[in-house]
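Student: output the structure for:
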Amino acid sequence: MTAAPDQFETILYSTRDRIATITLNRPEHLNTIVPPMPDEVERAVALATGDRDVSVIVVRGAGRAFCAGYDFGGGFHHWDSLLTTDGTWDAGKDFDFATAPQTAPTQKLAAIWRTNKPVIAQVHGWCVGGGSDFALCADLIVASDDAVIGTPYSRMWGAYLSGMWLYRLGLTRAKEYALTGKPLTGVEAADIGLINQSVPFAELEATVSNLAEQLAGIPVSQLAAMKLIVNQAYDNMGLASTQRLGPILDGLMRNTAEARRFIDIAEQRGVRAAVAERDAPFGDYSQADKGRQPNPNHVIIP
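Tutor: Residues are numbered from 1 along each chain as shown. Predicted structure coming up:
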C-alpha cells in the first residue's frame, strides 16, 4: 500500500509486508532539510506507529545521498518567518521555535526515536550535519561502505542537535569528533560503534530488507518493550536535556560574526564556495580525494 502521491511534498511513504518505508525525496538537493520535511517525517512516523499492520519502519534517502543536512543555500531564508524579525535574527523566536516539541525540527525528526516501533536507517552517500543527527535517532543503522557520516557544522555554523553522536560514541570519541568535525566512512563508523553495520552498496538494500523482515517476525509488543527499556536508560542519562540544549547552542552558533560571514558566502557565491573554504584546511568532505567521498553512481531509486 502506498500513500497518495499528493500527501507529502518532501518524502515518500509506503508500506509492504509489515514494513513502512519513509524516503526523503529531494534527490536533486541531496535530500537537504527544508520545511515541511520535519513535519512530514513526524506525520509519516505517526502513520506507521498507528498502523497495526506495520511492525518496522525503514528510513532512507532517494538519489545519491541519505541526507546532506539542513539546506542553507540562498541564505537559509526558508526558515525566516520562524527565526527572524524585520530581516534580523531574533534570538527569542529562535529559542522558542527550537525548544518547543510542537515546532522544533529536531524533535519532529526524532519521532523515529520516540515511536514504539523499531526504526532502521538505510544510509548511503552523504549523511552529514542534521542528516546525521536524524539517522542516529534510528534504532539500527546500516550504511554503505562508502557513505560519509559527519558533522561539518562542528567547525562552523552549528552544534550537535539530537545528541546521538554523544550517546552512541562515549566521552573519548565524542570529544574527538565534536571538536574536529572530521567525517567517517560507513566502514569506519561501524568499526567505532557509531552505527551497527557497513556493507557494500550493492548489498545495502537487501541487507536492510532482510533485517526488517527478521524484526517483523517478532511480536510488535515484544519489540516495543525492548525498545522502551533501552530508550528509557538513555532518557535517564539526560538525553532530553541534551536535545533541548543542542538546538539553543545551534542557534547561537549560526549567528556569530564568523557564521554570518559563512552564510553570506553561501548566499553570494554558493554553498560550494562556503564549504570549500571551511573544509579545505582539513582536506575532507567535498575537499577530500574522490576515494574519501561517496560514489556518485550509488543511487537509490524509490
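Student: please count neighbours and contacts with C-alpha atoms only from this point.
Tutor: Will do.
Student: neighbours around Ala62, how many?
Tutor: Applying other Cα atoms under 10 Å, we find 23 residues neighbouring Ala62.
Student: now it: how far from Asn31?
Tutor: 7 Å (Cα to Cα, to the nearest Å).
Student: now do the contacts for Gln232.
Tutor: For Gln232, the contact set (Cα atoms under 8 Å, 6 or more residues apart in numbering) is empty.
Student: now for Ala62 and Asn31: what residues contact both?
Tutor: In contact with both Ala62 and Asn31: 24-25, using Cα under 8 Å, 6+ apart.
Student: show me the helices in the stretch 1-150 of the chain, by range?
Tutor: For the stretch 1-150 of the chain, the helices defined by DSSP state H, counting those that start in this stretch cover 37-50, 80-83, 91-99, 105-109, 111-114, 130-135.
Student: pretty sure Trp89 is touching Leu82, no?
Tutor: No. The criterion here is Cα atoms under 8 Å, and Trp89 misses it with Leu82 at 9.5 Å.
Student: if we can go back for a sec, hey, which of the helices of the stretch 1-150 of the chain is tucked in deepest?
Tutor: Here the criterion is mean neighbour count by mean count of other Cα atoms under 10 Å, and of those the winner is helix 130-135, at a mean of 26.
Student: pLDDT of it, averaged?
Tutor: For helix 130-135, mean pLDDT is 98.
Student: next one: stretch 104-122
Tutor: 98.
Student: got the end-to-end distance for it?
Tutor: 24 Å.
Student: same question, stretch 264-277
Tutor: So stretch 264-277: terminal residues 13 Å apart, Cα to Cα.
Student: give the buried residues for stretch 15-32.
Tutor: For stretch 15-32, a neighbour-count test (16 or more other Cα atoms under 10 Å) marks 15, 18-27, 30-32 as buried.
Student: could I get these as a markdown table with distance to Glu40?
Tutor: Formatted as a markdown table, those follow (distance: Cα to Cα, whole Å):
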| residue | distance to Glu40 |
| --- | --- |
| Thr15 | 16 |
| Arg18 | 21 |
| Ile19 | 18 |
| Ala20 | 14 |
| Thr21 | 13 |
| Ile22 | 10 |
| Thr23 | 11 |
| Leu24 | 10 |
| Asn25 | 11 |
| Arg26 | 13 |
| Pro27 | 16 |
| Leu30 | 17 |
| Asn31 | 13 |
| Thr32 | 14 |
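Student: in the helix or strand containing Asn231, which of the residues would be classed as buried?
Tutor: Using DSSP states H and E, Asn231 sits within helix 220-236. Within helix 220-236, the residues that count as buried by 16+ other Cα under 10 Å are 220, 223, 227-228, 231.
Student: now the angle from the next helix-or-strand element following it to helix 91-99?
Tutor: Heading C-terminal from helix 220-236, the first helix or strand you meet, by DSSP H and E, is helix 239-253. With axes from the mean of the first three to the mean of the last three Cα atoms, to 10 degrees applied, the angle from helix 239-253 to helix 91-99 works out at 150 degrees.
Student: residues contacting helix 239-253, please?
Tutor: 91, 94-95, 98-99, 106, 156-163, 259.
Student: if you set the cut-off to 10 Å instead, what comes out?
Tutor: Residues outside helix 239-253 that contact it (Cα atoms under 10 Å, 6 or more residues apart in numbering) are 83, 89-91, 94-101, 104-107, 110, 153-164, 166-167, 231-235, 259-260.
Student: for Gln268, what are its contacts?
Tutor: Counting by Cα under 10 Å, 6+ apart, Gln268 has contacts 73-75, 274.
Student: quick one: it from Gly73, how far?
Tutor: In terms of Cα to Cα, Gln268 sits 9 Å off from Gly73.
Student: ok, back up a step: closest to Ala178 out of the buried residues of helix 220-236?
Tutor: Asn231 (22.7 Å; Cα to Cα).
Student: was I right to think the closest one contacts Pro118?
Tutor: No. Using Cα atoms under 10 Å, Asn231 is not in contact with Pro118; the gap is 11.2 Å.
Student: common neighbours of these two, please.
Tutor: Asp139.
Student: if we can go back for a sec, joint contacts of Gln268 and Gly73?
Tutor: Ala274.
Student: give the contact list for Arg64.
Tutor: Taking Cα under 10 Å, 6+ apart as the test, what Arg64 contacts is 27-31, 124-126, 147, 294-301.
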